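Novice: model this:
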Amino acid sequence: MHMPFNNIIRASLLGLCLAAVPAAQAALKAGDPFPALAGYHLEGPLPASLAGKVVIVDFWASWCGPCGESFPAMDELQKKYGAQGLVILAVNEDDNKSDMDAFLKSHAVSFTVVRDAKQSLVEVAGIGTMPGSFVLGRDGKVAYAHNGFHGSETKKQYEQEIESLLK
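Specialist: Numbers count the residues shown, from 1 in each chain. Okay, here's the model as predicted:
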């Protein structure tokens, strides 16, 4: 069987793209244990204990428009489910702390915010889209992962996931 030249090139390019995928698949996925936060020199106080809690770890940056939209939704989730065992931890990846501080002045929240100045946790988590988040079960393992924030649709997904994990 003869394969046209254009198809050979397409197949070769596809093979090159797929060969690059394993490096990109280093991102955390469902079932993976979430890394111990203490080993990443995050700026700001961490919650006293996350053991036995349902946790959303939300990676964000001040320059990210959807991050500004996600903060009010995250704050509502924290207020609605916090007493039942939900902890939201927002991990900022801005280069300058002043950018994070300016963002937080106009986006006040009730959940914990820390900064990953060296972007080491961001790298280990494999965040490729801002915001990017992981919903962790009470066992500390990734139950769900989210890329981006799509308004009420994403908030509804979070609510369903949180409620299933809090049972």
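Novice: Is it correct that Val114 is in contact with Tyr40?
Specialist: No. Checked against C-beta atoms under 8 Å, the pair Val114 and Tyr40 is beyond contact range at 9.1 Å. C-betas here are computed from N, CA, C, even on glycine.
Novice: Could I get the pLDDT score of Ala48?
Specialist: For Ala48, the pLDDT comes out at 85.
Novice: Distance of it relative to Tyr158?
Specialist: Per C-beta to C-beta, to the nearest Å, Ala48 is found 23 Å from Tyr158.
Novice: Also Trp60?
Specialist: Note on Trp60: its distance to Tyr158, by C-beta to C-beta, is 14 Å.
Novice: next one: Val87
Specialist: Separation of Val87 from Tyr158 (C-beta to C-beta): 13 Å.
Novice: Neighbour count for these two, which is higher?
Specialist: Counted by other C-beta atoms under 10 Å, Val87 and Tyr158 do not tie: Tyr158 has more neighbours, with 24 against 20.
Novice: what about the more buried one, which SS state?
Specialist: helix (DSSP: H, G, I helix; E, B strand; the rest coil).
Novice: mind listing what it touches?
Specialist: Tyr158 sits next to Ile56, Ala73, Leu77, Val135, His146 when contact means C-beta atoms under 8 Å, 6 or more residues apart in numbering.
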